[in-house]
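# whatever this is, show me its structure:
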Amino acid sequence: MTQPATPAPSPAATAAEEVASPLQGLENSLIEMLGTSPWLVRVALAVVVGLVGWWAVKLLTRGLDRVMQRAGMDQILRDFLRNFARVLGLVVVLVAVLDAVGVPTTSLLAVLGAAGLAIGLALKDSLSNIASGVMLIVLRPFRAGDAVEIAGKEGVVERVRIFQTVLRAYQNHDIILPNSQITTQPIVNFTSRPQRRIDLAVGIGYGEEIRKAREVLLGIARGHDKVLATPEPEVLVAGLGESSVDLVLRAWVGTPDFVATRSDLTEAVHRSFSEQGISIPFPQRDLHIYHHGGDGRALPIDQVVTLAEGDGKPRT
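Presented below is the predicted three-dimensional model:
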């Protein structure tokens, strides 16, 4: 009668046995040498493995960071890969410690795999954040130090974590956004290009000359040392508003100079318009008041009184 064939061991089990065999041999040697309890030897060996493994992981992550830095990799990508390598290394150390204690790691890994599936279903949102973090690292819509607007929040990118991205607001507080929210929202990167255009809206009165106002605005832009000559500044008529003729001054500047130059141009426009006698009107309304007498006839305004001045009746 033929014997049933013995199933071949899986690659994972074979690897576990290869890792465990040196530790098992060291454990047997220590037991024979010290003549003490096998349990104490296992605990001591586990402590040594844990300390050495922790030190090795720390050393390897530092070396990995130096290599990535020399390769000129982005800071966000370096942080993400360094943290991922640290977590992976600590998991390996934990498995080695459990193996040194005597816990069967092969069956433990199988249990952890089944538990991981259940946990993954329960933590699908967290896993979505991890996947989104990987997408941000690979696609790189922004880098550390970029000024961005994400989901209505503006700030400077500090770092991308496994679950979250941290922005530093302009008021110097942190904004923490889930990675899954970032990948599903429009991202505005203000510093991705070397130049930006300032659109400065200015309103002038209907009695003012548009040509004169245009010359004043162009002179202001051309006279500022941060405004680029190419593309040239331009002034457009944006529309006819309720109280003003709406003009737009367009001027190109280097991205780092955007905020300061926009402030300078705004101040210069106010000063130059005042010197040139060009009015900047505020919103106005024409108010027509009618009051009808008892016979329905409209009365002149001088015959209308308010309740505060009289009884609300027209003067006779």
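# now Gln69. Nearest residue, chain neighbours left out?
If the residues on either side of it in the chain are set aside, Gln69 comes closest to Arg78, at 6.6 Å by CB to CB, 6 or more residues apart in numbering. Yep, even glycine has a C-beta here, placed from its N, CA and C like the rest.
# you'd agree that neighbour is up against Met68?
Yes - contact criterion CB atoms under 8 Å: Arg78 and Met68 qualify, at 4.6 Å.
# confirm that the residue nearest to Gln69 sits in a strand.
No - according to DSSP: H, G, I helix; E, B strand; the rest coil, Arg78 belongs to no strand; its state is helix.
# run a quick neighbour tally on it.
18 (other CB atoms under 10 Å).
# which residues touch it?
Arg78 makes contact with 65, 68-69 under the criterion CB atoms under 8 Å, 6 or more residues apart in numbering.
# could you chop the protein up by domain?
According to automatic domain parsing, the chain comprises the domains 14-122, 140-189, 195-276.
# out of these, flag the one nearest Ile130.
Nearest to Ile130, of all the domains of the chain, is domain 140-189, at 5.7 Å by CB to CB.
# and the closest one, how far apart are its ends?
11 Å (CA to CA, to the nearest Å).
# rewinding a little: and the domains of the chain as TSV, adding mean pLDDT?
As requested, the domains of the chain are exported to TSV (pLDDT from 0 to 100):
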stretch	mean pLDDT
domain 14-122	72
domain 140-189	90
domain 195-276	95
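# between the ones you listed, which one is closest to Ser132.
In terms of CB to CB, the element of the domains of the chain nearest to Ser132 is domain 140-189, at 3.7 Å.
# any chance of the domains of the chain in JSON lines, with distance to Arg285 too?
Formatted as JSON lines, the domains of the chain follow (distance: least, CB to CB, whole Å):
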{"stretch": "domain 14-122", "distance to Arg285": "53"}
{"stretch": "domain 140-189", "distance to Arg285": "33"}
{"stretch": "domain 195-276", "distance to Arg285": "8"}
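# wait, which of the ones you listed is closest to Ser128?
Among the domains of the chain, domain 140-189 comes nearest to Ser128, with 4.4 Å by CB to CB.
# which one among the contacts of Arg78 gets closest to Val188?
Met68 (28.2 Å).
# quick one: contacts for that closest one?
Contact analysis of Met68 by CB under 8 Å, 6+ apart lists 77-78, 81-82.
# next, format these as JSON lines and append distance to Leu139.
Listed next are the contacts of Met68 as JSON lines, based on distance: CB to CB, whole Å:
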{"residue": "Leu77", "distance to Leu139": "11"}
{"residue": "Arg78", "distance to Leu139": "17"}
{"residue": "Leu81", "distance to Leu139": "15"}
{"residue": "Arg82", "distance to Leu139": "20"}
